[in-house]
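Undergrad: fold the stuff below for me.
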Amino acid sequence: MSNKTGRLSVSLLAVCAAMAATPAFAQAPEQGAEGTGAGIEDIIVTATRQATNLQDTPIAITAVTSEALEERGITNIGDLTSVVPNAQFRRVQGAFGPGVSAFIRGLGSGDTSLAGQPSVAFYIDDVYYPVLLGANFDLLDVDHIEVLRGPQGTLFGRNSLAGAINVVARQPSLTEASGYVEATVGRFNRTDFRGGFNLPISDTAAIFISGLSKKREGYQKLLDFTCEMNRRGTPALAGRFPYTSPLQNSTKLDQVNDCTIGHYGGEDVRAVRGAFLWQPTDTLKLTLSGDYLRDLSENPADSIVDIDPTRANNNMRSQAAYFGVTIDNRFRTGDPYSTYVTYTDRIPACTVIPGNTYYNGSVNERGQCTRGGYEIPNHNNLKNWGVSGKLSWDLADNINLTGVLAYRDLDETHTFDTDGMPLVVEHVINSLAQSYVHGELRLSGKSDLMDWVLGAFYFDADGRQRASLIQASSGLQRFLRTTYKPNSKAVFANATVRPFGEKLGVVLGLRYSDDKMAVNFSNISDVSYLSTASDILFKVTPARKKVSWKAGLNYEPADNVLLYASAATGYSLPGYNTRPLQFTQVEQSGANEDVAYEIGAKLDLFDKKLRLNLSAFYTDFSNRPTTIGGAEALLNDAGQPQKGNQQLIPLPGGPAGSTQCSTTTLPNNPDGSASTAGIVCLGRSYFRNQPATVRGVEAEYTINPVENLVINGSVGWSRFMAPDIEARTVNRRQSNPFWTANAGIQYKIVADAIGGSVTPRLDWTYESSQIVSGTSTKYNYLMPQRSLFNGRITYDNADHDFTVALGIVNLFNKFYYRNVFDYQGLGYPQTDAQPAPPREWYLTLTKRF
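TA: The predicted model follows:
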């Protein structure tokens, strides 16, 4: 650990010790609800696999109750950035489908591939979710969410490098029948419905059933390109590009003034969940649950932020010339909330364009055209369902046996138009399916001397991927047929020993894991009856047996004060290139490994009017296989470089021999035709191991200074340092933001005259700037810092038990991009970005009974 970090850690402990010495802790206040004047309420969490008070749990953890989720308007995992320090959760780039990227303390992933193991693990009611695809869960009837920061493994079933998200759903209750209905309307024709009910069916059994429907029109307009050129008075820029439909054609009697033909960025989700509780005795409880989700949402809003015409190769230029156009800024609408992207190839099947290696009349073994004249869906098609059972049995006083068994099934198809234009540079259609069995058995106990957990974990999955990559730019059309069979077995133990009384605890954890994934990879051309050099067939089984550990100390110098220090290890399976475009790109990588050191304090001060949780961490990322984007020469069927007008240059910061595509093409021949003295670039990624360190600090606070007033928030700072970042000639900094922060304030106004209360609330979220590309020198590839504000005012009627809430998301209409992807580094002419929604309003009515 560096001297700077060490001084910071010592300072943090000194401050905590000084605060602990004050007389504010002479009496422990009674538990009360937030804002009632009786103090900040306790939150019970299960992060240690035993029910504990959040403030007595020596882990960096953010716990968000269902009430807090409602107050902040949080409805899915992607919104958790607004409450967790040093964390980013957001919907991923469209190429990866309807998933969520998750980063905690600088470590994470946005890749939804079945081939990966996410750095942040997801659990719902103890059931592990192995891929980020479909992980932007709609938070349907949640009791609370726990976000654990730092490596997890000696308590949670699957080892993770960065952290874990544990969603605890609302459970059936034997006490009384109850229910609710909720309706929301808002901007972009938003209509959401939620409802649920709890019903005891005997003294020992109850059911809980809930459902939701979410529908919203997209906030990005899809424009007909030719219609829009006519509307702008620049019909020559449309060339001979056809209309989407005859209704887009202006005539002397009918001028079309709105060229909108669709939308992107909308929602269309349905879900249902049911749970059955059987509790024959006070010591035995069995819960059976099942859920089903269908997502047919529109593809994400995506727009072109830059086009470099010099990067367009001969295939791109000749395709554009077929319509009498050129690849340039005419394909930028000038408004990020509109696009021309169509997910359609308007060139008829079997068309031959002279000099174009994609539109060359290719047919399959049945004589059928395989290129041109197609349309792929422009929306998601996701089905995700599962069943699970959880048995909890108190074998004796303070000894519990818990078993979890689950089966889940995911089937999803998504598409992406990489180029963002009505032409075809690259289209992708990807169909993934996975079914798996997850089992876990835990034995836990508590005593004055020790709290302990022993467990065993089992995970076995069967996945498959069917995809088509249409690269008109390189002349390739690929078909991917791959199967994945991951299997994981583990045993783990964790104990907190108190040899000198209840104030001092020693934490020891150990885990043995046996992980593997059998992969059968097939990536062939559309004319598969031919044996070509670009066909890629291989089998690989990344495997790892690993012992991981955790050690720590906890000390309670006074009531409502906890100091702790810990060290823990994390790891993941070795990897391989999951997206090779030709056989030269088949390559394996090493495994990820890290050791995280942390100190922290949890304080309830001033009669529980102030809650302050502090932590400082240092992560030694010793094994860090990374990729860097580059390019190589496309090979023809004979295995030789295909001739073209592009050229390769060394890739800065890449491994020895790595290359990228030059930003300039070779000059045309004297007759004006494109040069063939060079090559055709094909994008590729290169592996390299770049050890790194991550250091940072975090603070979370809740303040209840007077009755009914609550202020809460968090702040986090982290710095990711690695040789590859230091070696950059530009953008020598981490990709994730250095600073994250959030704050919220609300005041409950009791209004007897209107039979209830009115609660206004204002929330603020901040992320400092972050880079998109480690090689780009263009300013617009730097995502600037942003502050976002959300507002909500809630009327709660106590007599009739209903609530009306009016909210505004992005109160000041701040424009920003959720994601930016620099395709120019891969040899394409464009850079794409996903604009976040503009300001939205919503009105929610909830009735409880």
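Undergrad: which stretches in the stretch 651-800 of the chain count as strands?
TA: Applying DSSP state E, counting those that start in this stretch to the stretch 651-800 of the chain gives strands spanning 659-661, 678-679, 681-689, 692-703, 709-721, 739-747, 749-751, 756-767, 770-771, 782-783, 786-797.
Undergrad: with distance to P246, mean neighbour count and mean pLDDT added, can I get these in JSON lines?
TA: (Glycine included, C-beta is placed from N, CA and C.) Compiled in JSON lines, those are given as follows (distance: least, CB to CB, whole Å; neighbours: other CB atoms under 10 Å; pLDDT from 0 to 100):
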{"stretch": "strand 659-661", "distance to P246": "41", "mean neighbour count": "23", "mean pLDDT": "90"}
{"stretch": "strand 678-679", "distance to P246": "43", "mean neighbour count": "22", "mean pLDDT": "91"}
{"stretch": "strand 681-689", "distance to P246": "38", "mean neighbour count": "22", "mean pLDDT": "85"}
{"stretch": "strand 692-703", "distance to P246": "57", "mean neighbour count": "21", "mean pLDDT": "94"}
{"stretch": "strand 709-721", "distance to P246": "54", "mean neighbour count": "19", "mean pLDDT": "93"}
{"stretch": "strand 739-747", "distance to P246": "51", "mean neighbour count": "19", "mean pLDDT": "95"}
{"stretch": "strand 749-751", "distance to P246": "58", "mean neighbour count": "12", "mean pLDDT": "94"}
{"stretch": "strand 756-767", "distance to P246": "46", "mean neighbour count": "18", "mean pLDDT": "95"}
{"stretch": "strand 770-771", "distance to P246": "45", "mean neighbour count": "20", "mean pLDDT": "80"}
{"stretch": "strand 782-783", "distance to P246": "41", "mean neighbour count": "18", "mean pLDDT": "72"}
{"stretch": "strand 786-797", "distance to P246": "43", "mean neighbour count": "17", "mean pLDDT": "96"}
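Undergrad: for D637, find the nearest of these.
TA: Taking CB to CB as the measure, the strands of the stretch 651-800 of the chain were each checked against D637, and strand 681-689 came out nearest at 14.4 Å.
Undergrad: how about whichever helix or strand E412 is part of: buried residues?
TA: E412 is part of strand 399-417, with elements assigned from DSSP states H and E. By neighbour count, with 16 or more other CB atoms under 10 Å as the criterion, the buried positions of strand 399-417 are 400, 402-408, 410-417.
Undergrad: can you get me the centre-to-centre distance for it and its chain?
TA: Relative to its chain's centre, strand 399-417 lies at 16 Å (CA atoms, centre = their mean, to the nearest Å).
Undergrad: is it true that E228 touches N257?
TA: No - contact criterion CB atoms under 8 Å: E228 and N257 do not qualify, at 10.7 Å.
Undergrad: just want to know which of those two has more residues nearby.
TA: Counting neighbours by other CB atoms under 10 Å for E228 and for N257 shows that E228 has the greater number, 22 against 7.
Undergrad: looking at the strands of the stretch 651-800 of the chain, which is closest to A601?
TA: That would be strand 692-703 among those, by CB to CB, at 9.9 Å.
Undergrad: Y374: which of the strands of the stretch 651-800 of the chain is closest?
TA: Shortest distance between Y374 and the strands of the stretch 651-800 of the chain, using CB to CB, is found for strand 681-689: 22.2 Å.
Undergrad: would you mind pulling the contact partners of the closest one?
TA: Residues outside strand 681-689 that contact it (CB atoms under 8 Å, 6 or more residues apart in numbering) are 313, 474, 476, 577, 579-582, 584-585, 587-590, 623-634, 644, 646, 648, 651, 654-655, 658, 661, 724, 826-828.
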